[in-house]
Structures are given as C-alpha cells and as structure tokens.
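J.: Quick check, what structure comes out for this input:
(2 chains)
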Number of protein chains: 2
Amino acid sequence: MIYPDSFSHVTRTMKSSLIRELVASTKNIPGLISFAGGFPSPATFPKRQLAEIFKDVAAQEGADVLQYGASEGDALLKKELMKWEGYDLSPDEMVTTVGATNALYYYGRALIDPGDAILCEAPSFLGSLVAFDALGADVQSVPLDCDGIVMEVLEARVKSLRSHGKKIKFLYVIPDFQNPGGITYSLDRRRELISYCSGNEIPIVEDNPYSRLRFSGTPVPTLYRLAREEFEGSAIVTEIVSFSKILGPGMRVAFAKGDKELIGKMVSWQQKINITPDCVAQRVVARFLEKGLMDPHIASICDFYRPYLQKMLDELEKNMPQSVAWNKPEGGIFLWLTLPENVNADELFVQAGQNKVSFIPGSKFYPEGQERFNTLRLNFTYSTFEQIEEGIKRLAALLK
Amino acid sequence: MIYPDSFSHVTRTMKSSLIRELVASTKNIPGLISFAGGFPSPATFPKRQLAEIFKDVAAQEGADVLQYGASEGDALLKKELMKWEGYDLSPDEMVTTVGATNALYYYGRALIDPGDAILCEAPSFLGSLVAFDALGADVQSVPLDCDGIVMEVLEARVKSLRSHGKKIKFLYVIPDFQNPGGITYSLDRRRELISYCSGNEIPIVEDNPYSRLRFSGTPVPTLYRLAREEFEGSAIVTEIVSFSKILGPGMRVAFAKGDKELIGKMVSWQQKINITPDCVAQRVVARFLEKGLMDPHIASICDFYRPYLQKMLDELEKNMPQSVAWNKPEGGIFLWLTLPENVNADELFVQAGQNKVSFIPGSKFYPEGQERFNTLRLNFTYSTFEQIEEGIKRLAALLK
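T.: From the prediction side, this is the model:
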C-alpha cells in the first residue's frame, strides 16, 4: 500500500474517459454485438507489407533506428510526410509523436495553465477532453450543426468568457468525420472559423485522424492548409494527423504541424515525457510512404469500409422508428443518432446490454455538466455485415 | 507566431537537461572525440535477431499488435518479463511504458503536487530531475559515498524538510552503476535505506537501466527485490527497468513494477498521455524473451564492453596526474572523475572542445544551486579503443 495522501491532487481527482469503462463493462457478455469501440478493422492492416519493411529496417538500418532518436522526430519520416502531404515546411514546423493523444497532451501542456478556458465542440472526443481537464483546463463546449461549429454560439461564448476575465488558450476541433458527430465542416465554415479565430487570437488545434477515410464526395482542405494558403501563411492552426485509422494504432505514430515556436515547446515536453517516439516504427512509416504504398493502401481501406457504412445506413433506414434521426457521412468510422428528446441513451445502454447490443451513449462526449442525453454513437468498422444487420434490429426493437 | 502569453507558466520557465545542448554544441567539431553522450554501442544491437522477430510478429500477430493495445501494457510481454526476472506478480503490479523516462514521468505525475519535496542522489541523472522539476517538485539532493546514498545526510534532510512542513513524496535512486557516479550500492546500504524509508513512509523509485551490464563481480539484489523478500512484501519500492542499454533505446520499451494502486495511477496517466506504448515493439521484446535470447545477448554485450572499460581505466592510470581520482566500476557505461577542488569542469569543457575531446561537466548532474564543479562524467561505450587512448591523452594534457 502506498501511503495515504501520497497521490497528487490531480491524480486523486482526475476523470476517466468512461468510454473504456463502458466498452469493458460489456466485454464478457456472450453474443454481444458491439458498435461501441473506435477500433479499425484488423482486416485493413497491411500486415505483409509492414512485415517486410520492419525486417528490412531492423536489419539494414538497425544501427540508426535502434539507437536514441531525436525528440523532434525522425528527420527522414518528416521529409516523407511533407512530400506525402505536399508541404514544403521547415523541419521545426513538425514533430512526430506517440499517437495523436500524445500530441494533444504536449499541445495542452504547452499552453494550459490551471483555470484557463479551452473551447471544444459539443459533442467531442472525451478522451481528449479528460486529458485537457487533467491539465487544469476549464473545458467549454460549443454546439455543432451539420456544417461545423456554430459560429454565433462560439462568438458569444468567447465574449462571455473574456468578460469574466478568463484566458482562452485554444479551440479543439475535429473538422473531418467528427468523433462522435460524424459531420464534416463545410469549406465556408472552415474559412469563417479561421477568420474569426485569427481576429480574436484563439489558436486552433485540428485533430485529424479520419480525413483520409473518405468513401465518396469531395475532400475539403484542412484548416491547417486553408490557414497557410488563404490567410497569409497564418500559423494559428496546429494539425495533428494520426496513422491509427489508416495503418494501425498499435504502431503509435502521429505527427503535428504548426507554428515553429509552439512545435519547439512540444518537442521540449517530448524530451521530458518520452524522449522520442519508437524510432523503428517511425522509420517503417517513412519507408512505407517512400515506396508509394500509402495512397493505394488508403484507397483499399476506403473500398473495404464503404459497404459497411452503406449496410449500417440501410439497416437504420429499414428498422428505425421515424422519431430517430442520423447523419449520412461520406467517410470516417462513426454514425451519430439523435433519439426523441425524452429518450435517455444512458438508460438505453443498460437495456441494450441485456439485449446483447452495445454503443456509446452520447452523454459521454460532453464536458461534465454540459451533457445531452438523447444521442448515441455507432461504429461501423469493427463488425461483420451480419452483426450490423442483427445489431441494428436489436437496437431498433428497443427504441420502438 | 503564437500569441504572446499563450504558453503555460511551466512551459515558459522549465529547465532543459543541458546534456543534450552540450552534446549538440560539440557536434560539428571535426575530429572531436566525445565521451559525453550516454549512448550504447550500435555494435551491441541484435539487429538480425530482431529483424526476424519484427517480421514474424507483424506478419503472424499483426491483427493483434497493430490494433490498439491495453494501457496496462501487453499481457504477453508482462508474463515474459515476470518469468525472466523470476517474479510471480499480479499483472496489475506492472506496467510497460515508452522507455524509462516515460515511466518516471507517470510516477512523478501520480505523486507530485507543486511545491512537494522529492529527494535524489547528488550527483544524479539530470534528465529525470528536470522532468520532476517541471512537475513542480522541489528537488533536494543527498550526497553519495562509494556504498550509496549517505544515510546520515538523508535522515537529517528528511527531518529538516518535515520540520519546515514540506511533504516528501519520494526518493529517486539509481542503485546499480549509478548515472553519472558509476557507483553500486552495497547490500548493507540497500537494507539500511529500505528500512529507513519504510519506517519514515518515503516511497522509493529505483531507476534500473544498468544492473544487467555487469562485467565482473557479484550482482546485488535490487531494492525492489530486497523490499519484497526481506521486508514482509513491502511495496515501498517501484523499480523501473529499461531495455535501452541492453536491446536498443530506439524501441522505447521499459517497465515498472510496484504497488498495485500506484501502478494503477500510472496506467491512468498512460491512457491520457500515450494510450499505450508501441504494441509491435512490446510483442517483439516478449518473443525475444520467450525464445531465451535475452540472457545470452546480455552476456555478449558484457563481453563486448568489458575491454572498453578496461581500456579507459588503463589510459586514465597511464595519463592522469596524481591529483585526479576516479571510480573503478564493475559495469555500466560511465566513469566519474574527481578533479582538484580548484578545477572547474565547466571551464575545462570549453578548453576540451578546443582540444577536440568532450565529456559532461559534473555540475550538470545536480539540482540548480546544489552543484559541485570539480567533477566530470566519461562514457566508455561509444568510442573505439583508439579514440579512448587519444581522447584520454588529450584530457590528461589539459589537466596537467
């Protein structure tokens, strides 16, 4: 037993993301169909290609990649990333990290003093919000409509917070195939947002794990790209790109691009917290990119997921009562359901477990005290067609 | 440019480890012989064995290890680690991390509130101290003698801190082939330390990157083992073992063993900061252990390094003036030199650079304001025999 009173205040009081607990709570129900997690399908992992590259990298570049690497990230990987994304950045405008969560933690650590306000979407990814909360942030959520964050509410919230003497450190957004809402910001809303945040000195952190998972429709430029190209090279946006959904989350590789000075601070935190991400994994991703394997691989993932999204949309259409609504995203891994106002998805979750189907109640995607209860999130990338058919039927039966 | 005033207070004021800056400052001097870094020799990396295992793990276990892993660490790796070390622990007494620095960060985050005191050795590894400092700790150092931390000073310091109302959160020690001092704690001192800390409710974190690098002499049990075996299963010690010096630091794999409740808190921080360490790397280490490759590999590293240590000791003996003293460790990767009281190793460092030889001045291994200046650290695992011969000659010439 560690001594009473030993743990730090934040450790004793910090929140958990609950999603993990919810997924765990249904883990041992035999025959459960789960749309709860946010896992990519293992069928999309390029195992054979990666196996060959892992072998070559360890054998031929082992003296380099098994050694301590730079806290700024593998220079070769950064070069390949810029080529892949079509940027001509200075290496100090980019840092590689142990997944996107890690990049968000460095970003938050670099900016948040306890008590500072940060802004996020409502709903948003609770995993990030609890990490910001653990850094002492006062997390304030602003609702989404189908084009993105609602500008009028954002502006009013900023005014109100500032009139109360609050510092607003940044806005956290997921503009493409948002988690959990599934929406994608329109080009106009993106421009409005950058213009407003530039004018009001609010840095934006753009979490981008999903934009490459587009199964149809036309890609919209990221906030980072728009800010650089249309706002006089503004460095207001820091974009965090994860490989978790397009290569494999187990490799823990992500990268952030942004203002030089800010990236430098994130590197300083990386030095203290992890020294460097796994250097073997970084180099493997570099070689995967260099061989031109990434884009065809992503195309094949999109081909793989497209029918699963369609299947879930079809089954919802076929089975759900009229009172239930959902979005129709062109990619990503989630759907977002809106239930009648009087239905509480937290209560539904318990009944659903008894009926062997699972999801994440929408309330879990809001900061504490800012919840909405008549929504839920469904994942479509980790189930078979049969599971989707049967699971949506079970859920619809409960809602009827 | 990020907005003025955006960075958090700690980010604006935090210290850097300086070692990195010192190593970087001499990087472009042609012909420089450097004993400054703490790098293992790339000749010791088991590249071919790892290449095969990387390939097999990615190809055959890719569906598992490329997926999200548990924040507690890979269950299979933890099982192999317990077998390797000869422990029968519960899985919740161990967590795997992104290298030892990462484990120390979680440990510090779990325990330190700003203003709390923590205790460390003088000298100690500054990389860890600046990370604790960035968590708001008041870092207090206690001198070493050739058997370990000086108990009388430790006891007096604890009394004095507590009489001033300070909470002491833990003691940070490196009992085997200490960095930078090179000393190894005697068995008696280990027992005294555990007994004292148990009686006075001071948790100990034992940083263990070097104990397996023993080239001669008899191993001494770790504090963790002694506490369990001789102090009624006491969980006062958390031991952090790194694979950086015995497999390859680029893989970023380490693990911590300790009190269940404390390990649980470290896992909570891992979930917020990294989610999980690289799952491919974890499984590769598991298979490396399972195949029985670890112990013969470590034996071969010891055989490799032994003559380099001997060579450096011989050259010191041959060249150094009488006024210079050094320890004679039975392993590890560092030697520690004590110069005459009036010699300042920080000044010597500048002259040495001009004479194309480098080291780390001892002052860099003390908390701010607690420095000693007539010491320096030499690394013997990253130079050729010729470089050791020539480099020590250059250094001795300066000291004469």
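J.: Give me the neighbour count for the closest residue in space to A:Phe54 that isn't next to it in sequence.
T.: Of all residues not flanking A:Phe54 in the chain, B:Phe54 sits nearest, at 3.8 Å (CB to CB, 6 or more residues apart in numbering or on different chains). (C-beta placed from N, C-alpha, C; glycine too.) Residues near B:Phe54, counting by other CB atoms under 10 Å in any protein chain shown, number 29.
J.: Could you check the pLDDT of B:Phe54?
T.: We have a pLDDT of 98 for B:Phe54.
J.: helix or strand for it, which one?
T.: Here B:Phe54 sits within helix B:47-65, counting by DSSP states H and E.
J.: for A:Leu119, same thing?
T.: Using DSSP H and E, A:Leu119 maps to strand A:117-122.
J.: list the helices and strands that strand packs on?
T.: helix A:126-134, strand A:138-145, helix A:151-163, strand A:168-173 (3 or more CB pairs under 8 Å, 6 or more residues apart in numbering or on different chains; DSSP states H and E).
J.: Swap in 6 Å and give it another go.
T.: Here strand A:117-122 touches strand A:138-145, strand A:168-173, going by 3 or more CB pairs under 6 Å, 6 or more residues apart in numbering or on different chains; DSSP states H and E.
J.: The first one and chain B in contact?
T.: No. Against chain B, strand A:138-145 shows no contacts by CB under 6 Å from any CB of the partner chain, the least distance being 13.7 Å.
J.: ok, and what's touching that strand?
T.: Residues outside strand A:138-145 that contact it (CB atoms under 6 Å, 6 or more residues apart in numbering or on different chains): A:117-122, A:129, A:132-133, A:149-150, A:153-154, A:157, A:181, A:183, A:366-367, A:370.
J.: Which positions in the one helix or strand A:Thr11 maps to come out as buried?
T.: Using DSSP H and E, the element containing A:Thr11 is helix A:9-13. Neighbour counts over helix A:9-13 (16 or more other CB atoms under 10 Å in any protein chain shown) mark A:10-11 as buried.
J.: Check stretch A:79-92 too.
T.: Across stretch A:79-92, burial judged by 16+ other CB under 10 Å covers A:80-82, A:84-85, A:89.
J.: Could I get the full set of helices for chain A?
T.: With DSSP state H, the ranges of helices along chain A come out as A:9-13, A:19-25, A:47-65, A:75-85, A:99-111, A:126-134, A:151-163, A:187-199, A:223-230, A:260-273, A:279-290, A:294-319, A:345-354, A:385-399.
J.: Give me the contact list for the last one.
T.: With contacts defined as CB under 6 Å, 6+ apart, helix A:385-399 is touched by A:33, A:311-312, A:315-316, A:319-321, A:324, A:351, A:355, A:357.
J.: so A:Ile204 touches A:Ser195, yeah?
T.: No. Between A:Ile204 and A:Ser195 there is no contact under CB atoms under 6 Å: 11.4 Å.
J.: Look at these two and report which has more neighbours.
T.: Taking neighbours as other CB under 10 Å, A:Ile204 and A:Ser195 compare with A:Ile204 leading, 23 against 16.
J.: gap between the more buried one and chain B?
T.: According to CB to the nearest CB, to the nearest Å, A:Ile204 stands 11 Å off from chain B.
J.: in the sheet, who's paired with that residue?
T.: Applying DSSP bridges to A:Ile204 yields these beta-bridge partners: A:Leu171, A:Val237.
J.: how deep is the residue nearest to A:Asp92 when sequence neighbours are not counted tucked in, by neighbour count?
T.: In space, and not counting its chain neighbours, A:Asp92 is closest to A:Lys260: 5.1 Å by CB to CB, 6+ apart. A:Lys260 is flanked by 16 other residues according to other CB under 10 Å.
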